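Peer 1: structure here, sequence nowhere to be found:
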């Protein structure tokens, strides 16, 4: 960490800051320039609060050199983490995972029907929302516990592990017991109490990027889960919010290479929420595979116009299958397998 | 709600959609143009899901004409809502409320000392974080229950009602019992389970705008709280996230007039989080009062450089007092009082 | 276009608006709802100004149904436009074009050396900036006319058509004479006088998307060029500006499918400016090809650390060649050729 | 400027960089930490290109400590610049300037009528667009030279200096001759050839902030004009582009205090383009005055529904006058005068 101090600052104040930094176990390198004094902090700075240093009024600028995360940091963990989701491995250099299923569980029949379809198309996990985060209190909020039950039934029939979103700390027990991959949604990416609770679960966590969160904040949320005891975190990009109006969100595919450089965690892409439009899903899904994603999570519905939420972004099973066939060929080009 | 249908769509499909809309209690006005058919939906459309209509592949565009919120809507509630926070009234055309205090409660002495200072400066409520949402798991997370205790002690000594942030549904009881104005933070603006829980509390709620949430989404989150039974919601703008790097966030003051046009709820401004820089706080605070804000929430710390979080955005008590004096004069110009 | 009028509006005012719309050659369908009157406008609305209609105070909402562009609109021109750049065809379903070269022309030797390298690697066009848009007046502004000369020399030696950025209307003649593909940069995407001038050129235009422009505005800028007489426009996505700090810009690859649905123009991707980091270029370039891009424009420099601008985003020739080999295999999967 | 180098870098490479920096006249302070080497650059770094340093692959991070601008920098020019616009002074601590007038000049009668109205209301300058930047090539593009003529006639009748937008270098002569305050629009904020041309004019320049430009880029564009010879630059904030849909742009009023801290230039606010809605103009205009703006530029039209552009954001003269009366009282509170 580099602290730039105004040259005309009172010496005793700067010394007081240096003393406090030293008490935190840091070594402080002091060097004077024409207009500024530069303090180089050496040691573990992950626990040092940048805004605290900035609150000294003689400090002009503070720059972090080392990343603020440790457990997620590839520097200290060079090997790829491969997360085992009830037998399906996500991450590493070989297999690319495919998660398919409806946005929301609407009925037992619906989820069973679609589960068989996505399995037949080549998916290795089944997704379905039982608790739904909806902008409006008047919109369908999910089947809740019934929804989890139907997903379990679908898993029994298809052997596909199930993925579902956990929205509240008071449902942790239910998810720990029944769900194979526990999703933390974009709107809860910085619900820190939920992250802490997820850190105490034994099930792997699928952590979506928030609507306007930086990559660093996203990794810090993974770090929360890992620091509280759960090393099995999979990151999921689902588009960020920008000024663009033709798509629901703006999908940022550069995150794939960045996440792989900076962390050892698997990263998957959700093209459905990213675009909000089924007719764009194939194009960006193939792009995600080519860019090196470790998986895709795609909304599939056999009757999109009857879906209780987000039907307009769901692929029909036939289209889903065709897309996976193309994705599979692209995977081969980069030495991987779908 | 206006639904635009492609002209070459199959008639029976369009009729099926009309039928379904009619079953929801809506009247459908049908009119044909050169290239499009336009369906005008008449009736209560707040429960109609736009994405559901879009999922019909012959639908080109859906436009909401009526607002998706009812309880927060000024159209159905022309009078200003005035929220009573333990005797202090927020909202209406007269008084402008001032909330002051430290970002975080750090010790009993600290909060007592600052509580007396902010009271002396003219604040009518005391803020202080006991549970702190921090980006890093390694940063100070707040004194938790101890912090609430110290705030209660400060209230006892100063008679200032207390404001503190609720982060999780499992702390609702504690806040219901001890806190006068319950804050929902920006990062939890769409934590829908927390909103539902807040809707069942008897204490008024201070709802901050999310980092990248539209004004409509923000009102919808207020609607969640109101729809679950709590009519006492105060909105708080604290800046949104943009590309700008000189400020922590970009403060959007146009929301004041917009919120007053569209809703009947009070709106206050947090200049401290909005700018992240104490030297900008006075300028934007005076602006907020001139723009018609119903209140200010300002971070105050007597030793900013010792603050455990966000010291760089805290005003010292003396500066806070001077600012309130200017704000008070501006309030008079627009016929209000600080 | 759909105009929603408040129900309680004075009849004669609404009639006056209808009359004015009729005078513009539009047919107006009138229908009354419970709270609103809906006017459906039938006819060519591309010349109708939405803000003009909004300025009538009884108008609540105006929604465009038909796109505001005609010449770029795929609806009226279903066939892909294939642009011929001095013999190299860009667009259509077969060939994917590759443009390579340095950010800036720095010397005759530099551009000749790199020109041979990019040709050898498989590029079909050579890029190089002679006039450089730089944020700082103190930064290298380009070799200007000398730079164009060196590019011409490189074209002579390699037979690669040349691409360079036009920044001002007073250089149109020079570019018309010497440059094969005339680039309009992101910062000039809405420099409307420059667009009009480009519309009068006979050379094809490469139109970059602005830093914060919507896709619709970008197409409208292409429409400017086309409406002034030049049908040969190639669109180029180079990333948009968001809050993210790990990349220079956020590359939006969903535009590829969108541009192909809505327009008949070719679309290419610039991964270098999009990411600002050479180590991310391969990942997003392969993604762009998989997503269906008609071309790539990549910065290549043999001594990035000596580059006078943007060295940190330039690939070395060897890396560029290896990337093109992978891209070529991905192109085959989707039935195309690099 | 601080350069952070990876510890394991080859010594001779780092030495080569240090040598090159020294050749640029900089002193380099070298200090070694546990994981990094830190180079502190001392001297004038405004001409040093950050991306050049980043292109050395052993460089991890480069941080600018000193601002990249000199002529606009308050550090080197502590006194406020007061710009004289044909006798009207803008800037300093006393007078707040008011610019009023129509978005576009539509006819001689229109501009004369409105000119008298805005003068009567208290404005000290008249605005009017003769050349109009329009997103659509099919929209009204302005009366061009005729428009400038009508503005001159209005100036003759009212003695109000005139403000109009210059869009292209080939109109510089016309503006130099006739216009008192030459506006560079938001879309041309980084049209560097236009900035250079403006730098050679003798008339003062009103530089609007671009739709998605940082404050630093904005100041750098002012620096372009100043570095080319014209010290008379007035900055104008007109809102930035965000995800918000209820307003045309998001007005950033924190820029007022920031511009005053970092530069010595006057800053005015355009509430009309910022909000796009006349009903929000008063609220944010009063806010701008309270925040310390040196002026307001407001669109005024006596028949907004007949305006050829942006009628929906124009105030009627009566409303404009009432607003200025309130603004005048707020100005007094902060020791200024309208």
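Peer 2: Received the coordinates, thanks. Computed from a predicted model, the values in this text were never measured in an experiment.

Peer 1: show me where the stretch 51-200 of chain A has its helices.
Peer 2: Assigned by DSSP state H, counting those that start in this stretch, the helices in the stretch 51-200 of chain A fall at A:108-121, A:145-158, A:172-178, A:192-199.

Peer 1: buried ones in the first one?
Peer 2: Residues of helix A:108-121 classed as buried under the neighbour-count rule (16 or more other CB atoms under 10 Å in any protein chain shown) are A:108, A:110-119, A:121. All C-beta spots, glycine's among them, are computed from the backbone N, C-alpha and C.

Peer 1: if we can go back for a sec, residue B:40: which of the helices of the stretch 51-200 of chain A is closest?
Peer 2: helix A:108-121 (31.5 Å; CB to CB).

Peer 1: need the residues that contact that closest one.
Peer 2: For helix A:108-121, contacts defined as CB atoms under 8 Å, 6 or more residues apart in numbering or on different chains pick out A:100-102, A:105, A:126, A:128, A:147, A:150-151, A:153-155, A:157-160, A:300-302, A:317, A:320-321, A:324.

Peer 1: report the distance from stretch A:118-131 to the chain centre.
Peer 2: In terms of CA atoms, centre = their mean, to the nearest Å, the centre of stretch A:118-131 is found 18 Å from the chain centre.

Peer 1: how long is that stretch end to end?
Peer 2: 21 Å (CA to CA, to the nearest Å).

Peer 1: for the stretch 1-150 of chain A, what lies in contact range of chain B?
Peer 2: Residues of the stretch 1-150 of chain A lying close to chain B (CB under 8 Å from any CB of the partner chain) are A:46-47, A:49, A:51-52, A:54-57, A:68, A:133-141.

Peer 1: which of those residues count as buried?
Peer 2: Buried among the residues of the stretch 1-150 of chain A next to chain B by 16+ other CB under 10 Å: A:46, A:49, A:51-52, A:54-56, A:68, A:133-141.

Peer 1: could the helices of the stretch 51-200 of chain A go into TSV alongside distance to residue A:270?
Peer 2: Shown next, in TSV, are those (distance: least, CB to CB, whole Å):
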stretch	distance to residue A:270
helix A:108-121	15
helix A:145-158	18
helix A:172-178	19
helix A:192-199	18
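
Peer 1: redo these as TSV? Include mean pLDDT.
Peer 2: Listed next are the helices of the stretch 51-200 of chain A as TSV, based on pLDDT from 0 to 100:
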stretch	mean pLDDT
helix A:108-121	98
helix A:145-158	98
helix A:172-178	98
helix A:192-199	98
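
Peer 1: contact partners for residue A:83?
Peer 2: Going by CB under 8 Å, 6+ apart, residue A:83 touches A:89-91, A:204, A:232-234, A:266.

Peer 1: could you rerun that using 7 Å?
Peer 2: Residues in contact with residue A:83, defined by CB atoms under 7 Å, 6 or more residues apart in numbering or on different chains, are A:90-91, A:204, A:232, A:234, A:266.

Peer 1: restricted to strands, list these.
Peer 2: Among the contacts of residue A:83, the members found in strands (DSSP state E) are A:90, A:234.

Peer 1: low-confidence stretches in the stretch 201-338 of chain A?
Peer 2: Low-confidence segments of the stretch 201-338 of chain A (pLDDT under 70): none present.

Peer 1: how about the residues of it that lie near chain D?
Peer 2: Neighbours of chain D within the stretch 201-338 of chain A, by CB under 7 Å from any CB of the partner chain: A:241-243.

Peer 1: most neighbours out of these, which is it?
Peer 2: When neighbours are counted by other CB atoms under 10 Å in any protein chain shown, residue A:242 leads those with 26 neighbours.

Peer 1: give me the nearest residue to residue A:323, chain neighbours excluded.
Peer 2: Nearest non-adjacent residue to residue A:323, counting by CB to CB, 6 or more residues apart in numbering or on different chains: residue A:282, 4.7 Å away.

Peer 1: do residue A:105 as well
Peer 2: In this structure, residue A:105 finds its nearest non-sequential neighbour in residue A:147, 3.8 Å apart by CB to CB, 6+ apart.

Peer 1: show the contacting residues for the one you found.
Peer 2: Counted by CB under 7 Å, 6+ apart, residue A:147 has contacts A:105, A:128, A:130.

Peer 1: would you turn the contacts of residue A:83 into a markdown table with neighbour count?
Peer 2: Below are these laid out as a markdown table (neighbours: other CB atoms under 10 Å in any protein chain shown):
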| residue | neighbour count |
| --- | --- |
| A:90 | 26 |
| A:91 | 21 |
| A:204 | 24 |
| A:232 | 23 |
| A:234 | 26 |
| A:266 | 26 |
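
Peer 1: would you turn the contacts of residue A:83 into JSON lines with distance to residue B:175?
Peer 2: Conversion of the contacts of residue A:83 to JSON lines gives the following (distance: CB to CB, whole Å):
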{"residue": "A:90", "distance to residue B:175": "39"}
{"residue": "A:91", "distance to residue B:175": "40"}
{"residue": "A:204", "distance to residue B:175": "32"}
{"residue": "A:232", "distance to residue B:175": "33"}
{"residue": "A:234", "distance to residue B:175": "34"}
{"residue": "A:266", "distance to residue B:175": "38"}
